[in-house]
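S.K.: Have a look at this fold, sequence not included:
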């Protein structure tokens, strides 16, 4: 696989406590400018995003493409998938606020895949997702709970 480089741009005006900023996807132009403030990170987002929400989006996007690829490799591309990612940031003694967990909840409509094959695809997707690997290396607890619709349940 070739080297992949993507770019985003963040801007900020004012103090951290009272100022505001934006983030934009500059490689693709797919989003932005999205508003960001300190309160959107630590309190009610009020329609603004945060780095943690963007990380949740990135992790769910990584996992969904990884799982879809693994199911296709197993001979049954999914008909539909949904992935929800919940990022948790907490106070870590001596380190300040850190990302401590990322929880993936995935559902795939894959009627032609048996439970064992689905479970193997979920495991391979988790191991192959670069965001799962990155978060684990950073010390976060990364969990995946996946189920298959259209013929039974599987999980990991």
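M.R.: Good, I have the coordinates. Keep in mind it's a predicted model, so treat the numbers as computed, not measured.

S.K.: so what strands line up beside the helix or strand harbouring residue 9?
M.R.: Assigned by DSSP states H and E, residue 9 belongs to strand 8-13. With DSSP bridges as the test, strand 8-13 is paired with strand 20-25 (antiparallel).

S.K.: mind listing what's buried in the following helix or strand past the strand it pairs with?
M.R.: Where DSSP H and E defines the elements, the next helix or strand beyond strand 20-25 is strand 34-36. For strand 34-36, the neighbour count (16 or more other Cβ atoms under 10 Å) marks 34, 36 as buried. For glycine as for every other residue, the C-beta is placed from the backbone atoms N, C-alpha and C.

S.K.: Please work out which residues outside strand 34-36 touch it.
M.R.: Here strand 34-36 makes contact (Cβ atoms under 8 Å, 6 or more residues apart in numbering) with 10, 12, 20, 21, 22, 23, 24, 47, 48, 49, 50, 51.

S.K.: Throw the residues you listed into JSON lines and include neighbour count, thanks.
M.R.: Converted to JSON lines, these look like this (neighbours: other Cβ atoms under 10 Å):
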{"residue": "10", "neighbour count": "13"}
{"residue": "12", "neighbour count": "13"}
{"residue": "20", "neighbour count": "16"}
{"residue": "21", "neighbour count": "18"}
{"residue": "22", "neighbour count": "16"}
{"residue": "23", "neighbour count": "20"}
{"residue": "24", "neighbour count": "17"}
{"residue": "47", "neighbour count": "8"}
{"residue": "48", "neighbour count": "18"}
{"residue": "49", "neighbour count": "19"}
{"residue": "50", "neighbour count": "20"}
{"residue": "51", "neighbour count": "15"}
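
S.K.: Show me where this protein has its helices.
M.R.: Taking DSSP state H as the test, the helices found in the chain are 38-42, 51-73, 115-128, 130-137.

S.K.: Mind putting these into a markdown table with mean pLDDT and distance to residue 146?
M.R.: Shown next, in a markdown table, are the helices of the chain (pLDDT from 0 to 100; distance: least, Cβ to Cβ, whole Å):
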| stretch | mean pLDDT | distance to residue 146 |
| --- | --- | --- |
| helix 38-42 | 88 | 29 |
| helix 51-73 | 96 | 7 |
| helix 115-128 | 96 | 4 |
| helix 130-137 | 96 | 13 |
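
S.K.: Which one of those helices lies nearest to residue 93?
M.R.: Between residue 93 and these, the tightest spacing by Cβ to Cβ is seen for helix 38-42, at 18.5 Å.
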